[in-house]
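K.L.:
Got a predicted structure plus its sequence, pasted below:
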Amino acid sequence: SQQGEEDPQALSIQEGENATMNCSYKTSINNLQWYRQNSGRGLVHLILIRSNEREKHSGRLRVTLDTSKKSSSLLITASRAADTASYFCATVLGAQKLVFGQGTRLTINP
Amino acid sequence: EAQVTQNPRYLITVTGKKLTVTCSQNMNHEYMSWYRQDPGLGLRQIYYSMNVEVTDKGDVPEGYKVSRKEKRNFPLILESPSPNQTSLYFCASSLFAGNEQFFGPGTRLTVL
């Protein structure tokens, strides 16, 4: 079964609104990473948050991590059409493997 | 330019015909990995390599082989492809295991 599971599976919002995606995982992690994938292309790394961190910011992105609940969230503020993509969380297991969730498909409507 | 390259980008082949998908990175990364992406299943790891001559199975290694003779190259070999290996394949690398990964552009493979 998947280590990381994103929620929702699909999200459609208006340009300018904020988008929030959640990720839950099952086992202890070293760090958690978020990636973006434009249709059929390679994934692009967005942000990495370590297990001893609770919140991290990068431009319009804000990631939180709650290790007690084994969950993370990705917030994209002031969304733009170019943010339309699939977003994946990935957890690092045993410092060797990166396990991806199934992703959230985000659509930004103009 | 720092990048991960894969070749070919698109491949249509027939069952049983051996093929190799090449992957190369120019960032001197130690860790390299292969994933396949299928609708509804997300990305699943096939094989990974912690360093030269060190490879290990991921979650779906059956039907695949890899080698890591040089640091920059990590080819994926399908000795006898079958239709269930039709998928989108990604190679990725990172400085060390657990760091941010850089992905190649993908190889779309169809096995008839």
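P.N.:
Structure's in. What do you need?
K.L.:
continuing past the helix or strand that contains residue A:90, what's the next helix or strand?
P.N.:
Using DSSP states H and E, residue A:90 maps to strand A:85-93. Sequence order places strand A:97-100 as the next helix or strand after strand A:85-93, per DSSP H and E.
K.L.:
Point out the residues in chain A that sit beside chain B.
P.N.:
Applying CB under 8 Å from any CB of the partner chain, we find that chain A lies next to chain B at A:2, A:30-31, A:33, A:35, A:40-45, A:48, A:88, A:92, A:95-103. Every C-beta, even on glycine, is put in place using the N, C-alpha and C of the backbone.
K.L.:
follow-up on the earlier one: what are the pairing partners of the strand holding residue A:90, and which direction each?
P.N.:
With DSSP bridges as the test, strand A:85-93 is paired with strand A:31-37 (antiparallel), strand A:97-100 (antiparallel), strand A:104-109 (antiparallel).
K.L.:
Mean pLDDT for these - can I get that in CSV?
P.N.:
Compiled in CSV, the strands paired with strand A:85-93 are given as follows (pLDDT from 0 to 100):
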stretch, mean pLDDT
strand A:31-37, 95
strand A:97-100, 84
strand A:104-109, 96
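K.L.:
export the ones you listed to CSV and tack on mean neighbour count?
P.N.:
Converted to CSV, the strands paired with strand A:85-93 look like this (neighbours: other CB atoms under 10 Å in any protein chain shown):
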stretch, mean neighbour count
strand A:31-37, 23
strand A:97-100, 22
strand A:104-109, 18
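K.L.:
what sits up against the longest strand along chain B?
P.N.:
Using DSSP state E, we find that the single longest strand of chain B is strand B:42-51. Here strand B:42-51 makes contact (CB atoms under 8 Å, 6 or more residues apart in numbering or on different chains) with A:2, A:43, A:88, A:96-103, B:30-38, B:55-61, B:64, B:66, B:68, B:71, B:74, B:76, B:89-90, B:97.
K.L.:
again, 6 Å this time
P.N.:
Residues outside strand B:42-51 that contact it (CB atoms under 6 Å, 6 or more residues apart in numbering or on different chains) are A:100, A:102-103, B:30, B:32-37, B:55-56, B:58-61, B:64, B:66, B:68, B:74, B:97.
K.L.:
of those residues, buried ones?
P.N.:
Among those, those classed as buried by 16 or more other CB atoms under 10 Å in any protein chain shown are A:100, A:102-103, B:30, B:32-37, B:55, B:58, B:60-61, B:64, B:66, B:68, B:74, B:97.
K.L.:
Counting only strands, which of those residues make the cut?
P.N.:
Counting by DSSP E, the part of those found in strands is A:100, B:32-37, B:55, B:66.
K.L.:
nearest to residue A:75, of these?
P.N.:
Distance to residue A:75 across these (CB to CB) is lowest for residue A:100, with 19.8 Å.
K.L.:
Might you report the residue contacts of the closest one?
P.N.:
Going by CB under 6 Å, 6+ apart, residue A:100 touches A:88, A:90, B:42-43.
K.L.:
For chain A, give me the ranges with low pLDDT.
P.N.:
A:1-4, A:95 (pLDDT under 70).
K.L.:
Strands along that one, start to end?
P.N.:
Taking DSSP E to define them, one finds strands in chain A at A:4-7, A:10-14, A:19-25, A:31-37, A:44-50, A:55-58, A:61-66, A:71-76, A:85-93, A:97-100, A:104-109.
K.L.:
okay, those in TSV with distance to residue B:105 next?
P.N.:
Shown next, in TSV, are the strands of chain A (distance: least, CB to CB, whole Å):
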stretch	distance to residue B:105
strand A:4-7	23
strand A:10-14	24
strand A:19-25	24
strand A:31-37	11
strand A:44-50	11
strand A:55-58	23
strand A:61-66	23
strand A:71-76	24
strand A:85-93	15
strand A:97-100	17
strand A:104-109	20
